[in-house]
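K.L.:
just the structure for this:
(one chain, ligands or ions: 2)
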Amino acid sequence: MDLVLNNARLVTLQPGNSGYQTQDNQCIAIDHGKIVAIGTQTSQQQAKQVIDCEGRLVTPGLIDCHTHLIFAGNRANEFEMRLNGVPYTEISQQGGGILATVSATRQASEQELVELALPRLDGLIRSGVTSVEIKSGYGLTVADELKMLRAAKALESQRRIKVTTTLLAAHAVPPEYRDRADEYIDLICEHLIPVVAQEKLATSVDVFCESIGFNLEQTEKIFRCATEHGLSVKGHTEQLSNLGGTALTAKYQGLSADHIEYLDDSGVDALAASGTVATLLPGAFYFLRETQQPPIAKLRDKQIPMAIATDFNPGTSPFADLGLMMNMACTLFGLTPEEALRGVTCHAANALGYGSERGQIQAGYDADLCIWNVQHPADLSYQVGLPRLHQRIVNGEVSHD
Ligand code: DI6
Ligand code: FE
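P.N.:
Ligands and ions are numbered 1, 2, ... in the order given. Below is the predicted model of the structure:
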């Protein structure tokens, strides 16, 4: 045995459990990066390393299933503009917004992008994140999108963290393709998705399906192409208006539909039928001072898994703290702290296609764990900004990041 955790207060988040089902005095045995046994006693004499958790709470490592961590530049000026009364859509139409970050990101080298991302990643790590999804989408050329994906992957060699990458070339129409969005979609389908699939630079493809992004027809073209190349799909859908992107994502067995403030009943039904995860991004809701609430009661009623993520990005969610998002999911959307914890563990794992490997404490699962300096699991949603993480374990290795 490589590692044994003793005297842990466990919240396993195994399916079927309702309530936290907290269990005290538990041991977890870990070998070759995987959890091999859970119980009240294990054969710890043979373990190479033993950690006494001293009764601390142990949960699965947290999973941030939606971020835009790689970018250059800063948009504090737009924050100021918005508070002086200019709406986000207008800033974006004037070449600000996403396109402002695109021009800064194009000028940065892959190495510079890695350096800029590290402090953001460290924020997430301090909040207990062991797996993070990172999207491209600020390059919008073949070369710059590939550069972003490579920079995202390179973070794995800098910190003890698992990175999942998503191609979001359809994030905005690049300035060179102004009024020629369909040609840009063709470029993505013909020259980007095949390379990304071939070089395994991403496992899924995302589209910003919105009036200021791409319409349903363009979104479907990308989804069809991604599927043909063996990549999963995801959507930024129903964030600012209801276009039907969520139902389209569900039609392509999407891993997740994200934002969904404007989701209607038919969109909820489509999610229920496909098993697609509903990812809530309360940071963007809060930062844009949105008032339209995602349809939480209906999602709950249909037992649609709800994930929670930071959406970390320079324009609409500059918050590198997944615990803060758990708190916001509770205070702004009315999730229970238990739903919030499932949202950043088992449901977030499903949103990345890792539902049978990560996000739960179960034999056979990856040994990605957090040991917390808190007593009750609700504390993880209740408190913000306190140094409550005691230790993080990724693939059975204790992290000292
Ligand atoms: N929706 C968002 O909230 C972010 N992207 C998206 O499609 C915003 C990204 C940005 O403003 O830079
Ligand atoms: Fe996003």
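K.L.:
what about the strands in the stretch 1-150 of the chain?
P.N.:
For the stretch 1-150 of the chain, the strands defined by DSSP state E, counting those that start in this stretch cover 3-10, 23-31, 34-39, 49-52, 57-60, 62-64, 129-135.
K.L.:
compare those strands and report which one is nearest to ligand 1.
P.N.:
Proximity to ligand 1, assessed across the strands of the stretch 1-150 of the chain by Cβ to the nearest ligand atom, is greatest for strand 129-135 (8.5 Å). Where C-beta positions appear, they are placed from N, C-alpha and C, glycine not excepted.
K.L.:
strands paired with the closest one, and their directions?
P.N.:
strand 62-64 (parallel), strand 162-170 (parallel) (DSSP bridges).
K.L.:
mind listing what's buried in the following helix or strand past the longest one?
P.N.:
Same thing as strand 162-170. Going down the chain from strand 162-170, the next helix or strand is helix 181-187, by DSSP states H and E. Using 16 or more other Cβ atoms under 10 Å as the test for burial, helix 181-187 gives 181, 184-185, 187.
K.L.:
distance to residue 320 for those residues - can I get that in CSV?
P.N.:
Below are those laid out as CSV (distance: Cβ to Cβ, whole Å):
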residue, distance to residue 320
181, 32
184, 30
185, 32
187, 32
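K.L.:
rewinding a little: most neighbours per residue, which of the strands of the stretch 1-150 of the chain?
P.N.:
Comparing the strands of the stretch 1-150 of the chain by mean neighbour count (mean count of other Cβ atoms under 10 Å), strand 62-64 ranks first with a mean of 31.
K.L.:
where does the stretch 301-401 of the chain come near ligand 1, residue by residue?
P.N.:
The stretch 301-401 of the chain comes close to ligand 1 at residues 311, 313-316, as judged by Cβ under 6 Å from any ligand atom.
K.L.:
okay if I get those as CSV plus pLDDT and neighbour count?
P.N.:
Below are these laid out as CSV (pLDDT from 0 to 100; neighbours: other Cβ atoms under 10 Å):
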residue, pLDDT, neighbour count
311, 98, 29
313, 98, 27
314, 97, 23
315, 93, 23
316, 93, 24
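K.L.:
and the residue of the chain found nearest ligand 1, what is it in contact with?
P.N.:
Scanning the chain for the residue nearest ligand 1 gives residue 315, at 2.2 Å (criterion: Cβ to the nearest ligand atom). By Cβ atoms under 8 Å, 6 or more residues apart in numbering, the contact list for residue 315 reads 75, 78, 88, 97-98, 101.
K.L.:
which pLDDT value does the model give the residue nearest to residue 259 when sequence neighbours are not counted?
P.N.:
Distance criterion Cβ to Cβ, 6 or more residues apart in numbering; nearest residue to residue 259, sequence neighbours excluded, is residue 239 at 3.6 Å. Listed pLDDT for residue 239 reads 96.
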